[in-house]
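Enquirer: Test case, fold it:
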Amino acid sequence: MGVTVKRVYEHPEPADGYRILVDRVWPRGVSKEHAAVELWLKEVGPSTELRKWFGHDPERYDEFAERYRAELANSDAMRELTDAVSQHDTVTLVYSAKDEQHNQAVVLQQLLS
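Expert: As a prediction, this is how the structure comes out:
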């Protein structure tokens with residue numbers, strides 16, 4: 001079972017497997033057809049407060065990841081994500097952030113590994 005991450009703006013491919021959008025807000029300028037997601041788990045995304053505090057500042061990433069993991073602890077959304085991942089051989093966590101190394105999908109991928 002593999003979990004990968006990919007920007008929603010990249011072209012969907014069959015190798016992506018089961019695609020799960022992990023953003024709390026629908027990505028700007030992306031149609032549902034182009035996103036090609038089977039599941040949108042908005043509640044698994046970071047809280048609005050945490051997202052605004054982080055501001056995609058790489059220097060805040062470690063603390064963001066720590067706070068985000070705390071938000072996910074005992075979360076129904078995280079349980080739902082774990083269940084969805086366990087039902088598919090290949091899962092791609094789809095996100096909209098420009099930074100491909102410092103975002104919530106990377107944190108989720110690490111938690112699911």
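
Enquirer: residue ranges with poor pLDDT in the protein?
Expert: By pLDDT under 70, the low-scoring segments of the chain are 1.

Enquirer: Spell out, range by range, the strands that occur in it.
Expert: In the chain, the segments counted as strands under DSSP state E are 2-7, 18-21, 39-40, 90-95.

Enquirer: Which stretches in the chain count as helices?
Expert: Assignment of helices within the chain using DSSP state H yields the ranges 32-35, 48-54, 61-72, 76-86, 104-112.

Enquirer: measure stretch 96-113 end to end?
Expert: When the termini of stretch 96-113 are compared using C-alpha to C-alpha, to the nearest Å, they are 21 Å apart.

Enquirer: Count the neighbours of residue 80 for me.
Expert: Residue 80 has 15 neighbouring residues, counting by other C-beta atoms under 10 Å. Heads up, the C-betas are built off the backbone N, CA and C, glycines and all.

Enquirer: I'd guessed it sits against residue 44; true?
Expert: Yes: under the contact definition of C-beta atoms under 8 Å, residue 80 touches residue 44, with a separation of 7.3 Å.

Enquirer: follow-up on the earlier one: is it possible to get the strands of the chain out as a markdown table so that each row also shows distance to residue 76 and mean neighbour count?
Expert: Output for these, formatted as a markdown table (distance: least, C-beta to C-beta, whole Å; neighbours: other C-beta atoms under 10 Å):
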| stretch | distance to residue 76 | mean neighbour count |
| --- | --- | --- |
| strand 2-7 | 19 | 17 |
| strand 18-21 | 15 | 22 |
| strand 39-40 | 14 | 16 |
| strand 90-95 | 18 | 24 |
